[in-house]
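Asks: Provide a 3D model corresponding to the input given below.
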Amino acid sequence: MRVLYPPRPVSKITSGELAAYEVSGQWVAQRKYNGTRNLVHILPSGQVEMFNRHGEYHKQFVMSSSLRDQILSLNIQGGLEYWLDGELLDAKTITPAYKGRVVFYDVLFARQYLYGMIQMKRLEMLRALCRDPQELEPNLGLALRVTNDLWMAETFASGFNQEYERFIENPEIEGLVLRRKSAALDNIGTRPYDVPWVLRCRKPHKNYTF
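Replies: This next block holds a predicted model:
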């Protein structure tokens, strides 16, 4: 079975560096969720699969028929293949009502592998696939609500420090992920894929310094 591996950040930065990245105008930010990396694979047959960043099925999660139907309700074209990149809120997630939600933050394959397509174009495509959600999920407001169980990460071109501080006390948010606007997919995705154009900015935690 063919699996696409998601691009992974090779570097991390501190919150003190956020302002410099924002001022450069070359980066956007998204929240980093306290979950497990999740690839949603929609097959031409209408079957739906979910994998972790290692290309394995999730060991402690079974997709419900309701979640599968919600994924198939996205703005996709029947009979074609898609790979959406995101996060599964799962056993690590603290808020019970959030467990089992899926957050999307990128698209890697839509009818074809998006080789050469820059980040901002892929984010535009993701918004279209999610039917351009406008309202935040109603509890903590961590993401834009696509359906009850599907959310899309907000993307910020400014206010990096404010967004970092806004959820610093929230256990469901680990910090921010920065994405370089002009970065393009340049790997066929068939092996683990470390990239310099995605950066982690984690909150202080007992398990890591940042």
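
Asks: ok, and what's touching the longest helix that the chain contains?
Replies: Under DSSP state H, the helix in the chain containing the largest number of residues is helix 119-129. Here helix 119-129 makes contact (CB atoms under 8 Å, 6 or more residues apart in numbering) with 28, 74-76, 82, 84, 104-108, 110, 114, 117, 133, 152, 155, 179-185, 197. From N, CA and C alone the C-beta is placed, and that goes for glycine too.

Asks: Work out the gap between that helix and the centre of the chain.
Replies: For helix 119-129, the separation from the chain centroid amounts to 12 Å (computed by CA atoms, centre = their mean, to the nearest Å).

Asks: What's the mean pLDDT across that helix?
Replies: In this model, helix 119-129 has a mean pLDDT of 98.

Asks: In that helix, which residues are buried?
Replies: Across helix 119-129, burial judged by 16 or more other CB atoms under 10 Å covers 119-120, 122-123, 125-127, 129.

Asks: Please apply the same query to stretch 40-49.
Replies: The neighbour-count check on stretch 40-49 (16+ other CB under 10 Å) flags 40-42, 48 as buried.

Asks: just to revisit the earlier point, which of the buried residues of helix 119-129 sits closest to Ser64?
Replies: Leu129 (20.7 Å; CB to CB).

Asks: Do a quick rundown of the strands in this protein.
Replies: Under the criterion DSSP state E, strands of the chain are mapped to 7-12, 27-33, 36-42, 48-51, 82-88, 102-110, 144-145, 150-152, 173-180, 193-202.
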